[in-house]
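Colleague: give me a 3D structure for the following:
(one chain, ligands or ions: 1)
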Amino acid sequence: MRKPIKRVRVGELTLGDGRIYIQSMTNTDTKDVEATVSQIRELVAAGCEIVRVAAYDVDAARAIKYIKEKVSVPIVADVHYDPKVAIQAIKAGADKLRINPGNFPERALEEVVFAAKDRGIAIRVGANSGSLNKEFVGRYPERYMALAESALEHVSRLESFGFEDIVVSVKSSDVIETVRANRYVRERVDYPLHIGLTEAGYGVQAIIKSSVAIGALLLEGIGETIRVSLSSEPLEEVRVAKWLLGSLNLRNVPDLVACPTCARAEIDVVKIAEEIASVLDTTEKPVKIAVMGCVVNGIGEGADADIGIAGTKTGAVLMKKGRVISQIPREKIIETLLKEIESWEV
Ligand code: SF4
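Modeller: This is a model prediction of the structure:
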């Protein structure tokens, strides 16, 4: 059950409106407007809904103006240490700032917060395990509490200026710590939460860790925007985020079921599944496909798919909604499945 939370506008989007928004971050040089715009367009085409760019100096912050002229997705400026950069990012039209208030002197923070308020843009604050203040670690019995309290202190600082368009994040590279810290924050404030791990790592392990943490939180109704942080191309983050949300029925995505194969398999299930998965990756059509190795178990186990095949001595049978429709020769299996997916009407 989702706790009612404050709605916070980010560009044309509203965090807290019930949709879980996918975020990623560009890895191009922000000053290279052409390259950054090109990457943002690629991310948006893959399903990214909020894009963060590193505003690492005043010129990078200024570039946001030219980036925004070419894209309509909300842009978040990631600013560290220099309040002048934050002010420049606000002037350039950033839709949200991501700052660490602990890095700004009080007067400078006040100036940044008032500039954001004036333009009506949100600020994300939070804490990461990597940069957690040691003072907090000593003050609380558990590290996740220190992480959460550190983020909540930043929230209080913004609130002390009468600012409430706040998004909070608490991230660790540890799954359990991240889940507990987010629960802790959600119990205490009603601002939208941006959830994910930090420095999740590489490859399958990172995807699993992120999916477990983000999935567990979303199932508890915690989290309004997600980033699957991977040491990989940002596009991969968006692809994983989309499948993750799809697996929780929070996005319309296709579903591919395939049997694990065994000695009964009459067709190359893995090869066929790989080909079909690469096509499904680019569609939001919520069609369920089954690729099964044989008719012995395949027909029954693939029965709840919209379209399915089960291997035979000469190729496969084509099934629709559990009914066998026709026989497909071996060399036509992939082609037939692709045609069926394309013409499937939801
Ligand atoms: S569907 Fe057939 S080939 Fe696939 S695992 Fe089941 S019995 Fe084996």
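Colleague: residue of the stretch 151-300 of the chain closest to the ligand, please.
Modeller: residue 293 (2.7 Å; C-beta to the nearest ligand atom). C-betas here are computed from N, CA, C, even on glycine.
Colleague: leaving out sequence neighbours, find the closest residue to that residue.
Modeller: Using C-beta to C-beta, 6 or more residues apart in numbering and skipping the chain neighbours, the partner closest in space to residue 293 is residue 265 (3.2 Å).
Colleague: report the secondary structure state of the one you found.
Modeller: Classification of residue 265 by DSSP: H, G, I helix; E, B strand; the rest coil places it in coil.
Colleague: tell me the domain boundaries of this protein?
Modeller: Using automatic domain parsing, the domains assigned to the chain come out as 8-247, 255-343.
Colleague: most packed of those domains?
Modeller: domain 8-247 (a mean of 20; mean count of other C-beta atoms under 10 Å).
Colleague: what about the helix or strand that contains residue 270, distance to the chain center?
Modeller: Applying DSSP states H and E as the criterion places residue 270 in helix 269-280. Mean C-alpha position of helix 269-280 versus that of the full chain (C-alpha atoms, centre = their mean, to the nearest Å) differs by 23 Å.
Colleague: quick one: contacts of whatever helix or strand comes next after that helix?
Modeller: Tracing the chain C-terminally past helix 269-280 and defining elements by DSSP H and E, one meets strand 288-292 next. The contact list for strand 288-292, computed with C-beta atoms under 8 Å, 6 or more residues apart in numbering, reads 254-259, 269, 272-273, 276, 280, 298-299, 301-302, 304-311, 319, 337, 341.
Colleague: can you tell me which of those residues are in helices?
Modeller: 269, 272-273, 276, 280, 298-299, 301, 337, 341 (DSSP state H).
Colleague: how about the residues of the chain near the ligand?
Modeller: Within the chain, the positions adjacent to the ligand are 259-262, 264-265, 292-294, 296-298, 301 by C-beta under 6 Å from any ligand atom.
Colleague: now for these: which two are most distant?
Modeller: 260 and 296 (14.0 Å; C-beta to C-beta).
Colleague: one step back: the residue nearest to residue 293 contacts residue 296, correct?
Modeller: No: the criterion here is C-beta atoms under 8 Å, and residue 265 misses it with residue 296 at 10.0 Å.
Colleague: return the residues in contact with the closest residue to residue 299 other than its chain neighbours.
Modeller: Of all residues not flanking residue 299 in the chain, residue 310 sits nearest, at 5.3 Å (C-beta to C-beta, 6+ apart). By C-beta under 8 Å, 6+ apart, the residues touching residue 310 are 290, 292-295, 298-299, 302, 316-317, 319.
Colleague: what's the spacing between residue 310 and residue 270?
Modeller: Relative to residue 270, residue 310 is positioned 15 Å away (C-beta to C-beta, to the nearest Å).
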